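Student: Make a model of this:
(one chain, ligands or ions: 2)
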Amino acid sequence: MPDGYSSSRKKDDGCCQEVYRMARIRCMMLTLDTRTVIVLFLVIPLGFTGIYIHGQKVTYFLRPLWQSPPKSFIPIPHYYHENVTMPWLCKLHGWKVRDYPRKVYDAVLFNNEVDMLTIRWKELDPYITQFVLLESNSTFTSIPKPHYFATNRKRFDFVEPRLTYGTIGGRFKKGENPFVEEAYQRVALDQLLQAAGIEDGDLLIMSDLDEIPSAHTIDLLRWCDGPPPILHLNLNDYLYSFEFNVDHSSWRASVHQYQKVKTRYAHYRQMDYLLADSGWHCSFCFRKISDFVFKMKAYSHTDRVRFKHFLDPKRIQNVICNGDDLYDMLPEEYTFKEIIAKMGPIPRSYSAVHLPSYLLNHADEYSYLLPGNCIREKG
Ligand SMILES: *[C@@H]1O[C@H](CO)[C@@H](O)[C@H](O)[C@H]1NC(C)=O
Ligand SMILES: *[C@@H]1O[C@H](CO)[C@@H](O)[C@H](O)[C@H]1NC(C)=O
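Tutor: Residues are numbered from 1 along each chain as shown. Ligands and ions are numbered 1, 2, ... in the order given. Next comes the predicted model:
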């Protein structure tokens, strides 16, 4: 084609060439104008709108270019069957059974998650020496909140003789990074643990309330000598309910052999060892739509609520039933392969096998956490 065009041009004589050139220029001006108009009034505004709405997606998608994954954990294989004895279980892990179990402290910060706390404490109940719970009258974003635990305390009478409950006043610093208030509350939790009587060598579970170690995991760790003194727990990740199993990669929860002064309550990576398949992490597993709105407004990552309509109850209900993302974000992964693999809604799971026993024994009361029940109470 280009050859044919240039050969036909060579054949033109001088006069026709001039007219031809003028026509071409006029024609170019015209098309340029149309193009300019399109660019000015369509492409640029659309581009800005696109960046405004999806800018975060673009940066998340490009994350593999600017961030490399953290050093990977050293996984510890986890063995369990209800019919295997403790000495043998310890031996399978390369550990030795103790003459008596270690004492275990479970310490959490409480916001308003009464249901999840019930499931957690019922799961851990047989193996916990002291339940330690701290509650503030401020959310991490400095919104005042009632002491929800205090008003629901009667529901937890099964732990009452082993409960150390503390409250703390919020600092209500407007405009501060919510992680500062969170860190402040964790320091107070350290003091509450000492008041609860924790001693060197006792086990301390450090986790968010919705990160629930399985009972048999805690039983194993309290009976065996040999686990690393700081051990992260690998949990199954769920979103909205146990119907949506996101992945198996939760690692923030940890179990520590307590050491005075040295041990500080934390919720980040502290060591390299990760015990496989040790429980459940159920994020945004709430009974009521209003709980979702509260959490989105009141806790960390409020920056993710980029638009008001993200808090619209109808939208939230649809997002839950579709297994979509509440903040319309891309998966937070470090490789393109993983981002693409995880894009789109979370597939439904029809399995309710290996879930906390209290949940299955009270399935009527907690049906919203089980497969097939994505509709939430409005309240
Ligand atoms: C558990 O152990 C008992 C007694 O040793 C045995 O009768 C039973 O079949 C075992 N159950 C399973 C599921 O292995
Ligand atoms: C929060 O608690 C502190 C300490 O008990 C108290 O001084 C403060 O007035 C409370 N603030 C609100 C908003 O309830």
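Student: Tell me how many other residues crowd residue 194.
Tutor: 12 (other C-beta atoms under 10 Å). Any C-beta I mention is one placed from the backbone N, CA and C, and that applies to glycine too.
Student: How confident was the prediction at it?
Tutor: We have a pLDDT of 96 for residue 194.
Student: Angles on the backbone of it, please.
Tutor: phi -70, psi -40 (degrees, to the nearest 10).
Student: For it, give its distance to ligand 2.
Tutor: 20 Å (C-beta to the nearest ligand atom, to the nearest Å).
Student: Kindly report the same for residue 210.
Tutor: Residue 210 is 24 Å from ligand 2, by C-beta to the nearest ligand atom.
Student: Could I get the contacting residues of the residue in the chain that ligand 2 sits nearest to?
Tutor: Using C-beta to the nearest ligand atom, residue 169 is the residue of the chain that sits closest to ligand 2, at 2.7 Å. Taking C-beta atoms under 8 Å, 6 or more residues apart in numbering, we find residue 169 in contact with 136, 137, 138.
Student: Recalculate using a threshold of 10 Å.
Tutor: The contact partners of residue 169, taken as C-beta atoms under 10 Å, 6 or more residues apart in numbering, are 136, 137, 138, 188.
Student: The nearest residue to the last one once chain neighbours are set aside: how many residues sit nearby?
Tutor: Counting by C-beta to C-beta, 6 or more residues apart in numbering, residue 188 lies nearest to residue 168, which is 4.7 Å off, once chain neighbours are set aside. Number of residues near residue 168 (other C-beta under 10 Å) recorded here: 18.
Student: swap in residue 364?
Tutor: Using other C-beta under 10 Å, residue 364 has 6 neighbouring residues.
Student: do the same with residue 110
Tutor: 21.
Student: returning to that earlier point: beta partners for the residue nearest to residue 188?
Tutor: Residue 168 has these beta-bridge partners by DSSP bridges: residue 136.
Student: Which of the three states applies to residue 314?
Tutor: helix (DSSP: H, G, I helix; E, B strand; the rest coil).
Student: Please apply the same query to residue 231.
Tutor: From three-state DSSP, the assignment for residue 231 is strand.
Student: And residue 134, by the same measure?
Tutor: Going by three-state DSSP: residue 134 is strand.
Student: Quick one: neighbours of it, just the number.
Tutor: 23.
Student: That one: what's it in contact with?
Tutor: Counted by C-beta under 10 Å, 6+ apart, residue 134 has contacts 107-110, 149, 164-168, 185-186, 188-193, 265.
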